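**Q** I need the structure of the sequence given here:
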Amino acid sequence: MHSTRTRTAAGLLGALALCLAVPTTTFADPGTDTDTNRESTAYCGTDKASGLAVWAAEKGSCATALQVASAYTEVWQGSTGASVRAAGTTWKCRERQGDPNPYQECVSTSDSGRWVRLSS
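**A** Numbers count the residues shown, from 1 in each chain. Predicted structure coming up:
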């Protein structure tokens with residue numbers, strides 16, 4: 001299990017290094033989609049295992065967002081989707097196309113208005 005986490009972390013860090021090696025561009029806040037209310041979107045910090053930025057649908061849900069991000073980075077295997085259990089509910093996670101870069105999004109299966117986004 002430790003080697004799986006190590007490989008996952010190394011892969012995510014490698015992807016992050018590759019992104020940083022590319023000439024800089026302005027990255028859009030993943031919470032700027034037209035289907036979300038920008039004023040309620042919150043930046044929650046970074047996931048400790050992956051170093052990815054964590055965003056939440058609501059300002060008051062950062063603790064939950066960080067739990068979801070942590071659970072997701074533990075099971076992520078480079079696939080396009082996964083389900084994780086965090087903060088008392090199941091979250092369906094998948095890659096979404098951002099502007100300009102893709103990001104990971106996890107949506108609560110009990111309330112589609114609750115989402116967590118991970119971006120580089």
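
**Q** Neighbours of residue 77, how many?
**A** Counted with other CB atoms under 10 Å, the neighbours of residue 77 add up to 9. Yep, even glycine has a C-beta here, placed from its N, CA and C like the rest.

**Q** which non-adjacent residue is nearest residue 91?
**A** For residue 91, ignoring the flanking residues on the chain, the nearest one in space by CB to CB, 6 or more residues apart in numbering is residue 106 at 4.1 Å.

**Q** and after the helix or strand hosting that neighbour, which helix or strand comes next?
**A** Secondary structure from DSSP states H and E places residue 106 in strand 103-108. The helix or strand immediately downstream of strand 103-108 is strand 115-119, counting by DSSP H and E.

**Q** ok, and what's touching stretch 111-120?
**A** 15-16, 19, 27, 30-31, 47, 50, 52-58, 61, 64-65, 68-69, 72-73, 89, 91, 96, 98, 101, 103-108 (CB atoms under 8 Å, 6 or more residues apart in numbering).

**Q** rerun at 6 Å
**A** Under the criterion CB atoms under 6 Å, 6 or more residues apart in numbering, residues 16, 19, 30, 52-57, 65, 68-69, 103-108 lie in contact with stretch 111-120.

**Q** Of these, grab the buried ones for ChimeraX.
**A** Buried subset of those, written as a ChimeraX selection, criterion 16 or more other CB atoms under 10 Å:
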select :30,52,53,54,55,56,57,65,68,69,103,104,105,106,107,108
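
**Q** worst-scoring helix or strand of this structure, pLDDT-wise?
**A** helix 2-21 (a mean of 46; mean pLDDT, DSSP states H and E).
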